[in-house]
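Peer 1: A predicted structure for the sequence below; I have some questions about it.
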Amino acid sequence: MIPLAIPDLKGNENRYLTECITSNFVSCVGPFVNRFEDMVATASGNLRGVATASGTAGLHAGLVAVGVRAGDLVILPSLTFIASANAINYCGADPWLFDVDRATWNIDCEQLAQQLEAETEIRGGEVIHQPTGRRVAAIMPVHTLGMPADMDAVVKLAKQYELPVVADGAAALGAADKMRPVGALGADLTVFSFNGNKTMTCGGGGMVVGDDPILIDQVKHLTTTARKGPGYDHDRVGFNYRMTNVQAAIGCAQLERIDELVSAKRRIRSIYNQAFADIPGLTPFPDYSLANANNRSSCWFSGVLVEDADQERILSLLDHLQNCGVESRPFWKPIHLQEPYLHAPKNDLRVCEDIWSGIVVLPCSTGLLPEDQEQVIRGLLQTVSN
């Protein structure tokens, strides 16, 4: 079976893990944590980083740090993994859901501008969502599949309405827009995930990066149980969201090869996109970096959009690929269709609803062999031709 996405652990992982064990630094303090924070901050174009137990934990802490509180709304595209919405919910807030742009699968900034103008007012220095009377507290753009959202447009609106921006860049480390690393695109905070299926992994864990030292210090404080000083004094409700030295050791080894890993992902995406470009009924995954060298998607997952496909057809396609020895999966079900968020405020979501059920993710491990990728392509083309 050709797996969907597995780690590539061919660097210094074993040596660094041995250092952790021989030094007894295996918990949430240790030299690799500090090193990893510095390395990720540099790679993302930021001054500081705070390592966390997961990307979701990083999003939660980041939202709390910028002032999101119970009863608020946070702007979010509906086409995202449910963890984005859950992090908002952990604050006692709810997502205000927006559609995505068909060409990029990132938040539709035209709709965002229109709805902020039509449905909000400034009251007492706060942005109020008129239909619900709730405060709009932040914007959470998602760099879907590692392709940077239109952050110039997002940041312009954020400044106009004085809203903080916490970007979900779960799989976007290594991406860039107009030669700017993904963390340097104007968000107050950007959050990465290092789950096992990411381009670079720690086996788990996340990172919050930013340039504002006060804000980053706040994130650090929150994620270390809001502990003050060497004793057991805590000045607010904090979270035990720390990354272990063992995870950070793996992360350091992975990050030493980030350019190699992202290049492999981009090569895999390019081959799939070329194979499916002229096939009726199939649309390759979006990737603006293939047309402009100044833009760089990290191309986390790759696959194909099957046009006008219902769930029955997609399940049949997945079964056929399984029989061909190919692991494949459907894509995220949009947030507005998930049971916990059925009543969340939302806008016209026609693009989300049109594309999500037809998206098929194909094997894209960085170590995917050319002959294996050819097997995947043959299996998919046999299915759609039947």
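Peer 2: That came in fine, so what should we check first? Residues are numbered from 1 along each chain as shown.
Peer 1: farthest residue from the center of this structure?
Peer 2: Gly231 (35.9 Å; CA atoms, centre = their mean).
Peer 1: thought Ala170 was touching Val191?
Peer 2: Yes: using CB atoms under 8 Å, Ala170 makes contact with Val191 at a distance of 7.1 Å. From N, CA and C alone the C-beta is placed, and that goes for glycine too.
Peer 1: For these two, list the residues in contact with both.
Peer 2: 55, 206 (CB atoms under 8 Å, 6 or more residues apart in numbering).
Peer 1: which of the residues in stretch 51-71 are buried?
Peer 2: 51-66, 68 (16 or more other CB atoms under 10 Å).
Peer 1: between Ala170 and Val191, which one's more packed in?
Peer 2: Val191 (33 against 29; other CB atoms under 10 Å).
Peer 1: Show me the strands in the stretch 51-200 of the chain, by range?
Peer 2: 73-77, 94-98, 120-123, 126-129, 134-139, 166-168, 176-177, 180-181, 189-193 (DSSP state E, counting those that start in this stretch).
Peer 1: quick check: angle from the last one to strand 134-139?
Peer 2: Compare the direction of strand 189-193 with that of strand 134-139 by axes from the mean of the first three to the mean of the last three CA atoms, to 10 degrees and you get 70 degrees.
Peer 1: Against which helices or strands is the helix or strand that strand 189-193 is followed by packed?
Peer 2: Next helix or strand after strand 189-193 toward the C-terminus (DSSP states H and E): strand 206-210. Strand 206-210 is packed against helix 31-44, strand 48-52, helix 55-65, strand 189-193, helix 213-223, with contacts defined by 3 or more CB pairs under 8 Å, 6 or more residues apart in numbering; DSSP states H and E.
Peer 1: Output the longest one as CSV, restricted to C-alpha atoms.
Peer 2: Output in CSV follows, covering the C-alpha atoms of helix 31-44 (Å, rounded to 0.1, in the frame of the first residue of the first chain):
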residue,chain,number,x,y,z
PRO,A,31,18.1,23.0,25.1
PHE,A,32,16.2,21.6,22.1
VAL,A,33,13.1,23.5,23.0
ASN,A,34,14.9,26.8,23.0
ARG,A,35,16.8,25.9,19.8
PHE,A,36,13.6,24.9,18.0
GLU,A,37,11.8,28.1,18.9
ASP,A,38,14.7,30.1,17.5
MET,A,39,14.9,28.0,14.4
VAL,A,40,11.2,28.2,13.6
ALA,A,41,11.1,31.9,14.2
THR,A,42,14.0,32.5,11.8
ALA,A,43,12.5,30.2,9.1
SER,A,44,9.1,31.9,9.3
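Peer 1: Just want the angle from that helix to strand 206-210.
Peer 2: Using the same axes, to 10 degrees: helix 31-44 against strand 206-210 is 50 degrees.
Peer 1: contacting residues around helix 31-44?
Peer 2: Contacts of helix 31-44 (CB under 8 Å, 6+ apart): 16, 19-20, 25, 47-51, 169, 173-174, 181-184, 190, 192, 202, 207, 209, 242-246, 248-249, 251-252, 255, 258.
Peer 1: Buried residues, it. List them.
Peer 2: Within helix 31-44, judged by 16+ other CB under 10 Å, the buried ones are 32-33, 35-37, 39-41, 43-44.
Peer 1: shaky segments in the stretch 151-300 of the chain?
Peer 2: 288-294 (pLDDT under 70).
Peer 1: Show me where it has its helices.
Peer 2: 151-161, 213-223, 245-255, 258-276 (DSSP state H, counting those that start in this stretch).
Peer 1: okay, those helices, which one's buried deepest?
Peer 2: helix 245-255 (a mean of 26; mean count of other CB atoms under 10 Å).
Peer 1: and that one, what other elements does it pack with?
Peer 2: helix 13-23, helix 31-44, strand 48-52.
Peer 1: quick check: angle from the last one to helix 245-255?
Peer 2: In terms of direction (the same axes, to 10 degrees), strand 48-52 departs from helix 245-255 by 130 degrees.
Peer 1: Name every strand pairing with strand 48-52 and say which way it goes.
Peer 2: strand 206-210 (antiparallel) (DSSP bridges).
Peer 1: Show residues contacting the strand it pairs with.
Peer 2: 36-37, 40-41, 44, 46-59, 61-62, 170, 183, 187-194, 216, 219, 223, 243.
Peer 1: cool, and stretch 235-243?
Peer 2: 28, 33, 36, 51-54, 57-58, 60-61, 202, 205-206, 221-228.
Peer 1: 7 Å instead, please
Peer 2: With contacts defined as CB atoms under 7 Å, 6 or more residues apart in numbering, stretch 235-243 is touched by 28, 33, 51-53, 57, 61, 205, 221-226, 228.
Peer 1: hmm, back to that, give the buried subset of the contacts of helix 31-44 as a ChimeraX selection command.
Peer 2: Burial among these is assessed by 16+ other CB under 10 Å; the matching ChimeraX selection reads:
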select :16,19,20,25,48,49,50,51,169,173,174,181,182,183,184,190,192,202,207,209,242,243,244,245,246,248,249,251,252,255,258
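Peer 1: burial count for Glu307?
Peer 2: 12.
Peer 1: That one touches Gly281, doesn't it?
Peer 2: Yes: checked against CB atoms under 7 Å, the pair Glu307 and Gly281 is within contact range at 5.0 Å.
Peer 1: Tell me who's in contact with Ser361.
Peer 2: No Ser there; residue 361 is Val. 4, 301, 303, 328-329, 331.
Peer 1: Fine by me, we can end here.
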